[in-house]
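Visitor: Turn this into a model:
(one chain, ligands or ions: 1)
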Amino acid sequence: MNYIHVFSIAILLFWSGWVNGQHVSPCLYDHAIQLREESNPGYKERLYRTIESNAAHNVNRNDEVLKVKVVLHVVYKDDIENVGDDALLKQIQVLNACYRRKNADTVNLRSIFHPVAADAGIEFELEEVRRVKTTATFRPSISGLPDDVKITSKGGSDAKDPDKYLNIWICKILPLELFGLSSPVLGYAYPPEPLDHWPAGSAAPAKHLEGVVIDYRTVSQSTYPIPNLGSIPMLARTAVHEVGHYFGLRHISGDAGLFGVNCEGTDGVDDTPTQGAQSQFNCDTSQNTCGAGVIGDLPDMIENYMDYSAETCQNTFTKGQVAIMRSVIQTLRKGLISHPSGTESIYVDNNVSIVPNPAYQFFDIHGLNNNHQYSVEIYNMMGQKLKHKQIYSNESVDVSDIYPGIYFVRIDNINQLKLMIAR
Ligand SMILES: [Zn+2]
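Guide: Just a heads-up that it's a prediction; the model follows:
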């Protein structure tokens, strides 16, 4: 149990009905579940019962690609936590690759799992990057998760309309300190409600707290250090795992194996093999915690993004998982796809738009009142202002001196539009 320190985090979060990004400690399990049962009678039963997921069977699968707009909040204290544009774009690329099954290492999936592997048909589009320098720190504790990162007045960054956007906060998550143990947390997310395969009370405590939080090191670094134990490899797939929770997925072990192996848990998905405990950041293909020797039994699916195997061996969602995620996006999180997506200009507050977009040398702004002068500012994705101009509605804005890329245009400090510049 090399990662016993890591394990101890999740029990607290799990006990509180939260989904977390870490392993679960055996040490507090009974106590925690009992506390939860007392405050929420029936919790134990819901936690353990085996559920055939309705979502996995009833969803209308179609081939439509579901596009989700993402707002990245970089909340940093030290400069190293201010993850650069390159890493942010790479993070979006990793999400897109993994949710379209286009990552090169899908070839590593063992052939026994080929029949269940699936392209989720979900794509992510970067809507906006918000950078906030803070003096606050973000640390999970026995009383709660560090959701202050989602609140501007508490040193974080307010969510952008959580009905329409997937908000992802990137910050330094300090380890949970408990009973002398220091337990790193890579990230956490809340699932939506209601879902049959989740206990009631698992969703975000408030709308503005929905979304995903990940540690900056999972985005910008190739390893994540665990004191005294070494480093675990990072391929920016912590976000893939946490977004899976946000779309309704559970860990493939079903979270019953808090005391070592327990095959009673379920993730509500038929085509992931029964697994009795989380993998331990390894790539052990011989691991088979449940059903070994039974005809037809499959080994643990360490290639699954919803296990805790090393990110270097994760490369797959299953058809059952994809069905849940698509169902969630089309029902419980349907606002994510209810507005147009594509390469047209994007508006926030009204129908003001940039034309053409992508722009080449100049752009116009449509939808402005003819009789006013407007302040137009252009920002890069680092949040640096590149240009500030006062214009009348019929004036063009010259961008011939700006490199091709993605920018944000702020008009009168109210409308924020995405601008693409191409040559
Ligand atoms: Zn998780």
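Visitor: Contact partners for the closest residue to Arg410 other than its chain neighbours?
Guide: Computed as CB to CB, 6 or more residues apart in numbering, the closest residue to Arg410 that is not its neighbour in sequence is Glu377, at 4.5 Å. C-beta coordinates here come from the backbone N, C-alpha and C atoms, glycine included. Residues in contact with Glu377, defined by CB atoms under 8 Å, 6 or more residues apart in numbering, are Lys385, Lys387, His388, Lys389, Val409, Arg410, Ile411, Asn413.
Visitor: Kindly report the same for Tyr360.
Guide: Taking CB under 8 Å, 6+ apart as the test, what Tyr360 contacts is Ile421, Ala422, Arg423.
Visitor: Ramachandran coordinates for the second one?
Guide: Listed backbone geometry of Ala422 is phi -130, psi 160, with angles given as degrees, to the nearest 10.
Visitor: Surely it and Pro404 touch.
Guide: Yes. At 5.3 Å, Ala422 counts as touching Pro404 under the criterion of CB atoms under 8 Å.
Visitor: out of those two, which sits in the more crowded spot?
Guide: Neighbour count, other CB atoms under 10 Å: between Ala422 and Pro404, Pro404 has more, with 13 against 10.
Visitor: Show the backbone phi and psi for that one.
Guide: Torsion angles, degrees, to the nearest 10, at Pro404: phi -60, psi 140.
Visitor: how much space between it and Pro358?
Guide: As judged by CB to CB, to the nearest Å, Pro404 and Pro358 stand 8 Å apart.
Visitor: Mind listing the shared neighbours of the two?
Guide: Contacts common to Pro404 and Pro358, judged by CB under 8 Å, 6+ apart, are Ile421, Ala422.
Visitor: top of the contacts of Glu377 by neighbour count?
Guide: Busiest of the contacts of Glu377 [other CB under 10 Å] is Val409, holding 23 neighbours.
Visitor: Assign that one to helix, strand or coil.
Guide: Of the three states, Val409 takes strand under DSSP: H, G, I helix; E, B strand; the rest coil.
Visitor: That one is in contact with Leu419, isn't it?
Guide: Yes. Using CB under 8 Å, Val409 is in contact with Leu419, at 4.8 Å.
Visitor: shared neighbours, these two?
Guide: Common neighbours of Val409 and Leu419 (CB under 8 Å, 6+ apart) are Ile354, Ile378.
Visitor: Identify each of the helices in the protein and give its residue range.
Guide: Using DSSP state H, the helices found in the chain span residues 4-15, 29-39, 43-48, 54-58, 85-99, 216-220, 238-246, 319-330.
Visitor: Name the nearest residue to the residue positioned nearest the centre of the chain, sequence neighbours excluded.
Guide: Nearest residue to the geometric centre of the chain (CA atoms, centre = their mean): Val243, 3.0 Å. Nearest non-adjacent residue to Val243, counting by CB to CB, 6+ apart: Val212, 5.8 Å away.
Visitor: was I right about that neighbour contacting His241?
Guide: No. The criterion here is CB under 8 Å, and Val212 misses it with His241 at 9.4 Å.
Visitor: For the residue nearest to Val243, name its beta-bridge partners.
Guide: Ile168, Ala189 (DSSP bridges).
Visitor: State the distance from it to Cys263.
Guide: 29 Å.
Visitor: These two - which one has more neighbours?
Guide: Neighbour count, other CB under 10 Å: between Val212 and Cys263, Val212 has more, with 23 against 16.
Visitor: Report the separation between the more buried one and Phe124.
Guide: 11 Å.
Visitor: My guess is Tyr190 contacts Lys207. True?
Guide: No. If you go by CB under 8 Å, Tyr190 and Lys207 don't touch, sitting 10.7 Å apart.
Visitor: higher neighbour count, those two?
Guide: Legend: neighbour count by other CB under 10 Å for Tyr190 and Lys207, higher for Tyr190 (23 against 11).
Visitor: contacting residues around the residue nearest to that one when sequence neighbours are not counted?
Guide: Closest residue in space to Tyr190, ignoring its immediate chain neighbours: Ala204 at 3.9 Å, by CB to CB, 6+ apart. Applying CB under 8 Å, 6+ apart to Ala204 gives the contacts Tyr190, Glu210, Gly211.
Visitor: Let me know the distance separating Ala204 from Glu193.
Guide: 9 Å.
Visitor: same deal with Lys160?
Guide: Taking CB to CB, one finds Lys160 at 21 Å from Glu193.
Visitor: Tell me which of these two has more neighbours.
Guide: Lys160 (20 against 14).
Visitor: which non-adjacent residue is nearest that one?
Guide: Val71 (4.4 Å).
Visitor: Look at that neighbour and report its pLDDT.
Guide: Residue-level confidence at Val71 comes out at 96, pLDDT.
Visitor: swap in the one 5 residues further on?
Guide: On the pLDDT scale, Tyr76 is placed at 98.
Visitor: Tyr216 versus that one, what's the distance?
Guide: 7 Å.
Visitor: Looking at these two, which is more packed in?
Guide: Tyr216 (21 against 17).
Visitor: So the more buried one sits against Ile170, correct?
Guide: Yes. Assessed by CB under 8 Å, Tyr216 is found in contact with Ile170 at 5.1 Å.
Visitor: overlap in contacts of those two?
Guide: Val74, Val83.
Visitor: In CSV, list the contacts of Ala204 along with distance to Asp119.
Guide: Shown next, in CSV, are the contacts of Ala204 (distance: CB to CB, whole Å):
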residue, distance to Asp119
Tyr190, 25
Glu210, 25
Gly211, 24
